[in-house]
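Q: here is a sequence together with a model predicted from it:
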Amino acid sequence: MAITVNIYYTGVNGNAKKFAEEMVSSGVVNDIRAEEGNLRYEYFFPLENQETVLLIDSWKDQHSINVHHASPMMAKITQLREKYDLHMKVERYVSDETKIPDADKTFIRE
């Protein structure tokens, strides 16, 4: 049962994008991706809002998230969030681990 957390970081003057760029350039993103249980850690930029960055952060289970939250990595992330004065909206999803129904597959082009 994977857990995916969508985090929308919003700032002003391009700060959300600067935050994501520094997360990547400083190596923090690669360090998080290397953590046990991390399945996905990617940033996206919504077309409708230039001051927001979407992080899709997916983990094997809640234990993996708890270990990540207790790691020194979180201090680095928190420091960068504060540096860029970002606000967050968070959505959390739990996968159901079922196959895509055949009826839905007709709408998917691979």
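A: That came through fine.

Q: looking at the protein, which helix or strand is least sure?
A: The helix or strand of the chain with the poorest confidence is helix 102-105; it has a mean of 88 (mean pLDDT, DSSP states H and E).

Q: what ranges do the helices span in the chain?
A: Using DSSP state H, the helices of the chain run over residues 15-25, 28-33, 62-69, 73-83, 102-105.

Q: identify whichever of those lies nearest to M1.
A: When these are compared by C-beta to C-beta, helix 62-69 sits nearest M1, at 8.8 Å. To be clear about C-beta, it is placed using only N, CA and C from the backbone, and glycine gets the same treatment.

Q: returning to what we had before: in a markdown table, list the helices of the chain along with mean neighbour count and distance to T4.
A: Converted to a markdown table, these look like this (neighbours: other C-beta atoms under 10 Å; distance: least, C-beta to C-beta, whole Å):
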| stretch | mean neighbour count | distance to T4 |
| --- | --- | --- |
| helix 15-25 | 18 | 18 |
| helix 28-33 | 15 | 14 |
| helix 62-69 | 14 | 10 |
| helix 73-83 | 13 | 17 |
| helix 102-105 | 8 | 18 |
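
Q: dump these to a markdown table, plus distance to E48.
A: Converted to a markdown table, the helices of the chain look like this (distance: least, C-beta to C-beta, whole Å):
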| stretch | distance to E48 |
| --- | --- |
| helix 15-25 | 14 |
| helix 28-33 | 24 |
| helix 62-69 | 29 |
| helix 73-83 | 22 |
| helix 102-105 | 26 |
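
Q: what packs against the least confident helix or strand of the chain?
A: Helices and strands touching helix 102-105, as assessed by 3 or more C-beta pairs under 8 Å, 6 or more residues apart in numbering; DSSP states H and E, are absent.
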